[in-house]
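> Just a sequence and a predicted model for now, questions to come.
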Amino acid sequence: MEGEVFSGIVNGSQVDGRVLQTFQRSFLQVQHILDQNRLLINEINHNQKSNIPDNLCRNVGLIRELNNNIRRVVDLYADLSNSLARTKSKSIEGESGGQNRIRSV
């Protein structure tokens, strides 16, 4: 599938294959980070239950890593949102022939 260009229909709109690849790649990155977070949380919990001072000190670094991972996930979702908005905007412009239409309410 790597490098493959494909198109699809989503909610009645045609979607460019590159857009779908971007979404898939981003979601795979998010899933990988979330899997890492699960392991970090398990280790943090184990260290906390052990009450061993070295393990508790190690949790400080693990929690920082967890927080950084969460920031990365937020950034990836923000990038996805922006990408979707740009794609939708281009789609609307294409449908309107490049003219901006003003809707009355």
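Arrived safely. What you are looking at is a predicted structure, and each value in this text was computed from that prediction instead of being measured.
> got any ranges where this structure has weak pLDDT?
The chain contains residues with pLDDT under 70 at 1-16, 91-105.
> now the helices for it?
Along the chain, counting by DSSP state H, helices occupy 17-50, 53-95.
> Throw those into JSON lines and include mean neighbour count, thanks.
Using the backbone N, CA and C atoms, a C-beta is placed for each residue, glycine as well. Formatted as JSON lines, those follow (neighbours: other CB atoms under 10 Å):
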{"stretch": "helix 17-50", "mean neighbour count": "13"}
{"stretch": "helix 53-95", "mean neighbour count": "12"}
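> residues in contact with stretch 63-82?
23, 26-27, 29-30, 33-34, 36-37, 40-41, 44 (CB atoms under 8 Å, 6 or more residues apart in numbering).
> If we use 7 Å, what do you get?
Applying CB atoms under 7 Å, 6 or more residues apart in numbering, the contact partners of stretch 63-82 are 23, 26, 29-30, 33-34, 36-37, 40-41, 44.
> Phi, psi for residue 52 please.
Its backbone dihedrals place residue 52 at phi -90, psi 130, with angles given as degrees, to the nearest 10.
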